[in-house]
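S.K.: From the sequence below, what's the structure:
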Amino acid sequence: MDDLRDALWRKSSYSGGDGGNCVEVASNLPGIVAVRDSKNLAGPALVFTPGEWSAFLSEVKDGALGV
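M.R.: I've put the predicted structure just below:
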C-alpha cells in the first residue's frame with residue numbers, strides 16, 4: 001500500500017455541507033492520486049495513477065458514467 005502520511009487532502013467542491021457525500025482527494029503525492037471518504041479518515045483510500053484519475057474525471061464530466 002502507498003504511504004499516505006504526507007497527503008494533503010482537499011474536500012470535493014461537490015460535497016454537501018450537511019456531512020453527506022464527502023469525498024477528499026490528495027494529489028500532492030508523486031505518481032498517485034488518493035481518494036477517501038472524509039467521514040472515515042482512518043478508513044481505506046483508493047489510489048490511482050494520475051492518468052487513471054484524469055480519465056475518470058473526463059468520463060464523469062462527459063456524463064459517460066451516468067453520474
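S.K.: pLDDT score assigned to the nearest residue to Ala26 once chain neighbours are set aside?
M.R.: Once flanking residues are discounted, Ala26 sits nearest to Ala7: 3.5 Å by C-beta to C-beta, 6 or more residues apart in numbering. The way it works is simple: take the backbone N, C-alpha and C, and place the C-beta from them, glycine included. Per-residue confidence (pLDDT) for Ala7: 94.
S.K.: count of residues packed around Ala7?
M.R.: 19 (other C-beta atoms under 10 Å).
S.K.: cool, Leu41 as well?
M.R.: Around Leu41 there are 10 other residues, counting by other C-beta under 10 Å.
S.K.: partner residues bridging Val23?
M.R.: Asp37 (DSSP bridges).
S.K.: In this structure it contacts Asp37, no?
M.R.: Yes. Counting by C-beta atoms under 8 Å, Val23 does reach Asp37; the two are 6.8 Å apart.
S.K.: Show me the strands in the chain, by range?
M.R.: Assigned by DSSP state E, the chain shows strands spanning 10-11, 23-26, 33-37, 45-48.
S.K.: Make TSV from those strands and add distance to Ala55 to it.
M.R.: Output for the strands of the chain, formatted as TSV (distance: least, C-beta to C-beta, whole Å):
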stretch	distance to Ala55
strand 10-11	20
strand 23-26	15
strand 33-37	11
strand 45-48	9
